[in-house]
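Asks: requesting a structural model of the entry that follows:
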Amino acid sequence: EETGLPYNLHPVALPKREQLSDAFKKLHVGHKIPVLVDSEGPGGPINIPESPAILRYLAEKTKSPLIPSDAAKRVEMEIWFSYGVATFCPILAQHGYFNFRSSEDVPGAKKYYETYARDLYGVINQRLEGRDYFIGDQISLADYALYADVRQYAKSYRPEDYPNVKAWYDRISARPAVQRAYAPI
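Replies: Numbering: from 1, shown residues only. Take a look at the predicted model:
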């Protein structure tokens, strides 16, 4: 939505295990969602799995300001993009699994991931102090690398504990492109 490229959304029903179908495995052998299918990719049609790869591909394809042209801001964006993808998102996923989706009660894992997730929220809350977005006044891939997981678990944390995260979350949630993107979900 931020890039303005046209697309067709094809929902995949995880409870029905549609991601394990032979048809879906042709898109991505690892059967993970999402997968971007670009019929106008470099060298012809291309399937791109993994959210970070999709974000970067679309930003680069459209020369989007989501990747800053300023070298210093680009480095900051890369740091926080990587933090979101490699640190924040995996821990939030484990927190979500043990606290909301696991059929087994594992108190030690729940406590560990709850504590770890709260620490990570504290880190991003501190980073956002005095900033509208992760690299200042410009939204970037870094913001989108973290937004989906903050959105997924927004009700799990008290916003008053993380006021900078809450203000950032509300700011991004109010963006027309974000509202359009989440409307069908």
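Asks: dump the residue contacts of residue 149.
Replies: Applying C-beta atoms under 8 Å, 6 or more residues apart in numbering, we find residue 149 in contact with 84, 88, 89, 92, 93. All C-beta spots, glycine's among them, are computed from the backbone N, C-alpha and C.
Asks: neighbour-wise, which of the residues you listed leads?
Replies: residue 84 (28 neighbours; other C-beta atoms under 10 Å).
Asks: that one falls within a helix, correct?
Replies: Yes. Counting by DSSP: H, G, I helix; E, B strand; the rest coil, residue 84 falls inside a helix.
Asks: is it correct that residue 173 is in contact with residue 148?
Replies: No. Counting by C-beta atoms under 8 Å, residue 173 stays clear of residue 148, with 11.5 Å between them.
Asks: ok so, going back, secondary structure and distance to residue 56 for the contacts of residue 149 - can I get that in TSV?
Replies: Listed next are the contacts of residue 149 as TSV, based on DSSP: H, G, I helix; E, B strand; the rest coil; distance: C-beta to C-beta, whole Å:
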residue	secondary structure	distance to residue 56
84	helix	12
88	helix	17
89	helix	15
92	helix	20
93	helix	20
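Asks: what's the farthest-apart pair in these?
Replies: Using C-beta to C-beta, the contacts of residue 149 span at most 12.0 Å, a distance reached by 84 and 93.
Asks: so which residues of the protein form strands?
Replies: 35-38, 46-49 (DSSP state E).
Asks: run through who's touching the first one.
Replies: Contacts of strand 35-38 from elsewhere in the structure, counted by C-beta under 8 Å, 6+ apart, are 24, 27, 28, 45, 46, 47, 48, 49, 54, 57, 58, 61.
Asks: contacts only, for the fifth one.
Replies: Which is residue 46. 37, 38.
Asks: where is the longest helix in the protein?
Replies: helix 107-127 (DSSP state H).
Asks: buried residues in it?
Replies: Within helix 107-127, the residues that count as buried by 16 or more other C-beta atoms under 10 Å are 109, 110, 113, 117, 120, 121, 124, 125, 127.
Asks: so what secondary structure elements neighbour that helix?
Replies: helix 89-96, helix 163-173 (3 or more C-beta pairs under 8 Å, 6 or more residues apart in numbering; DSSP states H and E).
Asks: point out where this structure drops to low pLDDT.
Replies: Scanning the chain for pLDDT under 70 picks out 159.
Asks: got the buried residues of helix 107-127 as CSV, with distance to residue 177 columns?
Replies: Output for those, formatted as CSV (distance: C-beta to C-beta, whole Å):
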residue, distance to residue 177
109, 36
110, 35
113, 31
117, 27
120, 25
121, 24
124, 21
125, 24
127, 23
